[in-house]
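J.: build me a model:
(one chain, ligands or ions: 1)
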Amino acid sequence: MLPVAIDETGFTADLGRRHADLFEAFYRHPFLGGMRDGTLGREQVLHYVGQDHAYLTAYVRCYGLGLTLSPDREWMRFFHDSVAYTLGEEGQAHEALCAFAGTAYEDAQVDRLAPSAQAYVDHMSAAGRDTLGVLVAALLPCPWTYGWAARRFAAEAAPGEDHPFHGWWSFYAEPSGGEAVATMRSLLDGLAAGAGPAERERMERAFEVSCHHEIRFWEMAWSLEDWTPPNGG
Ligand SMILES: Cc1ncc(CN)c(N)n1
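T.: Residues are numbered from 1 along each chain as shown. Predicted coordinates:
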């Protein structure tokens with residue numbers, strides 16, 4: 001299933017089409033495979049929750065950078081609503097995973113990002129020192145990949161309430177998530193239409209790099225990545 005409908009046009013439709021292979025690699029990663037077939041290990045789930053909680057805290061700060069770059073109240077409203085969603089609602093997805101692991105959410109939280117999560121956050125923060133278009137291009141793969149994957153899994157397998165990760169899958173399959181991505185894409189399409197070639201290129205690169213980081217985030221949790229040097233120190 002492609003992330004973009006066949007008849008869609010515009011900057012983000014082109015990006016989604018060009019990087020459909022990265023969306024597919026995201027969907028096919030063994031971590032998400034384990035989330036689909038319910039075999040993912042407790043330790044990997046908890047590594048993910050701890051890192052994702054810290055990642056989303058940093059992501060909200062990037063929305064804050066977006067607020068300072070906002071040219072008007074439409075953009076401010078977008079960032080305001082996005083912050084409310086991430087701070088107010090997205091914890092439900094983590095809570096569902098913690099329930100599976102039999103761990104309190106507070107106990108799963110960590111105060112240090114693993115290398116791959118740190119690299120992703122650094123990439124988005126750097127984009128926030130560029131233009132609004134580059135920042136939003138870097139932020140878009142986060143909601144787009146998850147919503148797309150969850151709706152795809154719902155269509156392919158319709159996981160029932162007895163699925164160990166049902167709460168997580170159903171949270172990200174919510175239509176409101178798809179509507180938020182549609183809003184973000186249309187705002188970004190508008191910026192891209194007014195951007196010059198150099199800025200457009202930076203926007204394209206920022207989007208592609210974030211797609212790679214999304215896949216690496218799965219790999220980080222799958223391999224329980226930490227700061228131990230590869231040779232054991
Ligand atoms: C790393 C990551 N990417 C995306 C999402 C979905 N907002 C998330 N929770 N975490």
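
J.: tell me how many other residues crowd the residue lying closest to residue 1 once chain neighbours are set aside.
T.: What sits nearest to residue 1 in space, not counting adjacent residues and going by CB to CB, 6 or more residues apart in numbering, is residue 152, at 4.8 Å. To be clear about C-beta, it is placed using only N, CA and C from the backbone, and glycine gets the same treatment. For residue 152, the number of neighbouring residues by other CB atoms under 10 Å comes to 17.

J.: is it true that residue 152 touches residue 27?
T.: Yes - shown here, residue 152 and residue 27 form a contact pair, counting by CB atoms under 8 Å, at 6.7 Å.

J.: name the helix or strand for the residue nearest the centre of the chain, please.
T.: Of all residues in the chain, the one closest to the mean position by CA atoms, centre = their mean is residue 142, 2.1 Å from it. Assigned by DSSP states H and E, residue 142 falls within helix 141-157.

J.: now the element after that helix, going C-ward?
T.: Per DSSP H and E, the first helix or strand lying C-terminal to helix 141-157 is helix 166-173.

J.: please state the offset of that following helix from the chain centre?
T.: Helix 166-173 sits 14 Å away from the centroid of its parent chain (CA atoms, centre = their mean, to the nearest Å).

J.: return the set of buried residues in the helix or strand following that helix.
T.: Using DSSP H and E, the helix or strand that follows helix 166-173 in sequence is helix 175-194. When burial is assessed from 16 or more other CB atoms under 10 Å, helix 175-194 yields the following buried residues: 177-178, 180-181, 184-185, 187-189, 191-192.

J.: picking that back up, which elements pack onto the helix holding residue 142?
T.: Packing partners of helix 141-157 (3 or more CB pairs under 8 Å, 6 or more residues apart in numbering; DSSP states H and E): helix 20-28, helix 30-37, helix 166-173, helix 175-194, helix 197-222.
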